[in-house]
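A.B. asks: All I have is the shape, not the residue letters:
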C-alpha cells in the first residue's frame, strides 16, 4: 500500500522522521576522510546499473525504486517547506522502515562517519550502540517519543546504512522490527531489494537524492479503496492527501 502524507504522524517512524533526516543530512555534509566499509551488495541494495532480473515489481520514486510486498503500505514523506518528497516509509503491520538516499564521494563510503555523527547527536537523550547486523554495522538506539497518551515513552529504533557507488542509503527501522528479528526480516528484504538511482549530475556529499511521486503505478496495483478487512498495497496520487493503491 502506498500513501503520501504531510502531517498527522501515525507511526513511530513518523515521530522520528524529521530528527533522523536532519541528523543524517548534517552528518554527511563534509566527509573527505570517511572510512570505507565493505558490505556484500550482491543481494542489494542495488545501484541502477546492477538491477537483477528478480521479477520484483518496484515503484519508481525517482531516486529510489522500492519493491512492493503484500500488506505493506508505502508513505511518501513530504517536506512542508519545499513540498518535495524527503523520504519514503514502508509500513508492515506494527513495524516501519524509512529510507533516504544521499550522494557520496566517488571513492569513499560515509556510513562510518554518519554513525559517529548520529551517536554524537543522540548521546544526550538516548542510549546508542553499534551492533553487527545482516547489512553490516548498524546503530541501535532508544529514543523518547510520544505514546498514545501524548507522553514521551522510550521506543527502540535501528539505523541501517549501506554505501554504494557514489551514494549512501540510510534506513530507519522502528516499531516491533526494531528488536524482533522475525518482524525485521521482511523490511530488511525490502531494504535490500531497493534500487538507488544516483544520476550523473554533480552533487555534493550529503545532498539528498531527489524523490518524486510516481508518474505511474506498476502493473498489478490499482487505484482503489481497500476492503475494510484487508491490508492491501497502496500507491499515492498527487495532492494533499492520497488515494490508496493495491
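C.D. replies: Everything's here; your move. What you are looking at is a predicted structure, and each value in this text was computed from that prediction instead of being measured.
A.B. asks: Mind jotting down where the helices sit in this structure?
C.D. replies: 12-27, 111-122, 181-193 (DSSP state H).
A.B. asks: Which residue comes closest to residue 111 once chain neighbours are left out?
C.D. replies: What sits nearest to residue 111 in space, not counting adjacent residues and going by CB to CB, 6 or more residues apart in numbering, is residue 161, at 3.8 Å. C-betas here are computed from N, CA, C, even on glycine.
A.B. asks: For this protein, give me the ranges with low pLDDT.
C.D. replies: By pLDDT under 70, the low-scoring segments of the chain are 1-38, 217-246.
A.B. asks: Please name the bridge partners of the residue nearest to residue 155 when sequence neighbours are not counted.
C.D. replies: Distances taken as CB to CB, 6+ apart place residue 145 nearest to residue 155, at 4.8 Å, with adjacent residues excluded. Taking DSSP bridges as the rule, residue 145 bridges to residue 153.
A.B. asks: Against residue 96, how distant is residue 145?
C.D. replies: Per CB to CB, to the nearest Å, residue 145 is found 12 Å from residue 96.
A.B. asks: what do you get for residue 81?
C.D. replies: In terms of CB to CB, residue 81 sits 23 Å off from residue 96.
A.B. asks: More neighbours: those two, which one.
C.D. replies: For residue 81 versus residue 96, the count of surrounding residues by other CB atoms under 10 Å is larger for residue 96: 27 against 7.
A.B. asks: Make sure the more buried one is actually in contact with residue 77.
C.D. replies: No - the criterion here is CB atoms under 8 Å, and residue 96 misses it with residue 77 at 11.1 Å.
A.B. asks: who touches the one residue sitting closest to the centre of the chain in this structure?
C.D. replies: By CA atoms, centre = their mean, the chain has its centre lying nearest to residue 99, at 1.1 Å. The contact partners of residue 99, by CB atoms under 8 Å, 6 or more residues apart in numbering, come to 64, 66, 87-90, 169-172, 191, 194.
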